[in-house]
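A.B. asks: Have a look; sequence and predicted model below, questions after that.
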Amino acid sequence: MFLRNKPVRDHSEELYIVKHAPKQLLDFKGNTGVVQTLSSYIECGNIPNLIITGPHGTGKSLLTKLLVTEYMESIGAGSKSNWINKGVLEIYGSLSRGKDVVSEKQSVKNKQKNFNCANITDFMKRATSLPKGILKIVIIYEFHQMSNEAQMALRRIMELNAHKVRFIFVTEDYGQIILALQSRCTILKLNRLQNVEIGEIVDEISKAENINVTSELKELLYLNSDGDIRVAVNLLQMLGKCESDPDTGKVNSAKYYEILGIPEIETIKEILKACRNGDGQRAHIKVKQLMESGYDISDLLDILTKVLITTPNFNGKNIFLRVLAKDTYTIQECYTETQLHNLINHLAVCT
């Protein structure tokens, strides 16, 4: 038996989504209005009770951490470890979802999850060295997963302790939060990132990591991320590792599609253009080739819709989307190749 030496951390293998995360609130990309609102709270030194909501991958948790960090730093509350132990309590609703996290004694196991604090009530009673007038903060991530009992227990606690504690609820679905809590909070909604915003983040990371990002790679990131920056950055890290051709220095784009398991974007665009031009025969041939290559009908429907949505200035886009929405519902009941070709016929005659 022997003791191993402490391993040296290799930051080159760290996840890009962590390694290149913004360190300041104003460096946060997207949802400019929300970021400016949070910055104003820090400037005035007062944070209201908040519900931060939005789809996954929009940066809700990161934005919350940046807000609280800058709030504590603005009043000189000390190092990160100090403010976590003294001024901030973080709870994950998916792990501690019952009423016990609010007002009843918890088990030792749950204490460790919530920074050795028995519950929210215990945290509020704990003495701290924070400057006078500085608020403690309770952050509850995935708040929509907490039970109604726990939410009901918070109502009165928020009112009685409004002079010393603020609550920040982070959730994907604020409709699952009881109205009594919604009325006590300011609701900030985050939207999915636009392709331009994702492109800016990708450019910054690729420059720092010396990755050659082609226009085709960017298009793939837009197509597969659907506004989720976490997905886009993780894909960038994965696809950016593809080896370049030693002769040309360029990455073979076929490797991208092989890794992702989707047909080439240009092939899908050719099908859509053929349908727009009324050339149903050419579109049928392309679809047949994709089916013979092993692509599933549901995958083809998904990629057709995504490429159509992400292709700018495509004439007849709205008409195509309506036809896709209507026919996809029919195809999903049987998933036959005949139904897919019927969809192509409908697209070819609708313009």
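C.D. replies: Good, I have the coordinates.
A.B. asks: Next, count neighbours for the closest residue to Asp327 other than its chain neighbours.
C.D. replies: Distance criterion CB to CB, 6 or more residues apart in numbering; nearest residue to Asp327, sequence neighbours excluded, is Leu343 at 4.4 Å. For the C-beta atoms, the positions are set from N, CA and C on the backbone; glycine is no exception. For Leu343, the count of nearby residues is 24 (other CB atoms under 10 Å).
A.B. asks: ok, now Gly199?
C.D. replies: 16.
A.B. asks: swap in Pro131?
C.D. replies: Residues near Pro131, counting by other CB under 10 Å: 9.
A.B. asks: what do you get for Tyr174?
C.D. replies: Tyr174 is flanked by 20 other residues according to other CB under 10 Å.
A.B. asks: before we move on, the earlier item: confirm that the residue nearest to Asp327 lies within a helix, as I assumed.
C.D. replies: Yes. Counting by DSSP: H, G, I helix; E, B strand; the rest coil, Leu343 is part of a helix.
A.B. asks: these two touch, right, it and Leu324?
C.D. replies: Yes. Contact criterion CB atoms under 8 Å: Leu343 and Leu324 qualify, at 7.3 Å.
A.B. asks: Next, show the common contact partners of those two.
C.D. replies: Common contacts of Leu343 and Leu324 (CB atoms under 8 Å, 6 or more residues apart in numbering): Leu301.
A.B. asks: pLDDT weak spots in the chain?
C.D. replies: Counting by pLDDT under 70, the chain contains low-confidence ranges at 1-13, 75-85, 97, 104-118, 243-252, 329-335, 351.
A.B. asks: where do the strands sit along it?
C.D. replies: Remark: strands assigned in the chain by DSSP state E are 50-53, 88-92, 136-141, 165-171, 186-189.
A.B. asks: Need those strands in JSON lines (columns: mean neighbour count and distance to Cys275).
C.D. replies: Shown next, in JSON lines, are the strands of the chain (neighbours: other CB atoms under 10 Å; distance: least, CB to CB, whole Å):
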{"stretch": "strand 50-53", "mean neighbour count": "22", "distance to Cys275": "38"}
{"stretch": "strand 88-92", "mean neighbour count": "22", "distance to Cys275": "47"}
{"stretch": "strand 136-141", "mean neighbour count": "22", "distance to Cys275": "45"}
{"stretch": "strand 165-171", "mean neighbour count": "23", "distance to Cys275": "41"}
{"stretch": "strand 186-189", "mean neighbour count": "15", "distance to Cys275": "36"}
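A.B. asks: okay, which residue is most central for this structure?
C.D. replies: Gly57 (0.2 Å; CA atoms, centre = their mean).
A.B. asks: Let me see the contact set for that residue.
C.D. replies: Gly57 neighbours (CB under 8 Å, 6+ apart): Arg192, Ser225, Gly227, Asp228, Ile229, Arg230, Val231.
A.B. asks: if we can go back for a sec, dump the strands of the chain to JSON lines, plus distance to Val34.
C.D. replies: Shown next, in JSON lines, are the strands of the chain (distance: least, CB to CB, whole Å):
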{"stretch": "strand 50-53", "distance to Val34": "8"}
{"stretch": "strand 88-92", "distance to Val34": "20"}
{"stretch": "strand 136-141", "distance to Val34": "16"}
{"stretch": "strand 165-171", "distance to Val34": "13"}
{"stretch": "strand 186-189", "distance to Val34": "5"}
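A.B. asks: Could you point out which of the ones you listed sits nearest Glu159?
C.D. replies: strand 165-171 (10.8 Å; CB to CB).
A.B. asks: strands paired with that closest one, and their directions?
C.D. replies: Sheet pairing for strand 165-171, assigned by DSSP bridges, gives strand 50-53 (parallel), strand 136-141 (parallel).
A.B. asks: To Leu179, which of these lies closest?
C.D. replies: Nearest to Leu179, of all those, is strand 50-53, at 11.7 Å by CB to CB.
A.B. asks: ok now the closest one, how far from the chain's centre?
C.D. replies: Relative to its parent chain, strand 50-53 has a centroid offset of 15 Å by CA atoms, centre = their mean, to the nearest Å.
A.B. asks: How about stretch 269-287?
C.D. replies: With CA atoms, centre = their mean, you get 34 Å for stretch 269-287.
A.B. asks: what sits up against stretch 47-55?
C.D. replies: Defining contact as CB under 8 Å, 6+ apart, one finds that stretch 47-55 is touched by 31, 41, 60, 63-64, 67, 71, 135, 137, 143, 158, 166-174, 177, 181-182, 184-192, 227-228.
A.B. asks: If you could redo that for stretch 310-319, that was the one I meant.
C.D. replies: By CB under 8 Å, 6+ apart, stretch 310-319 touches Asn195, Glu219, Tyr222, Leu223, Lys269, Leu272, Arg276, Leu308, Ile309, Phe320, Cys350, Thr351.
A.B. asks: which of these are buried?
C.D. replies: The neighbour count (16 or more other CB atoms under 10 Å) marks Asn195, Glu219, Tyr222, Leu223, Leu272, Arg276, Leu308, Phe320 as buried among these.
A.B. asks: Check the gap between the last one and Asn313 for me.
C.D. replies: Spelled out, it's Phe320. Phe320 sits at a distance of 13 Å from Asn313 (criterion: CB to CB, to the nearest Å).
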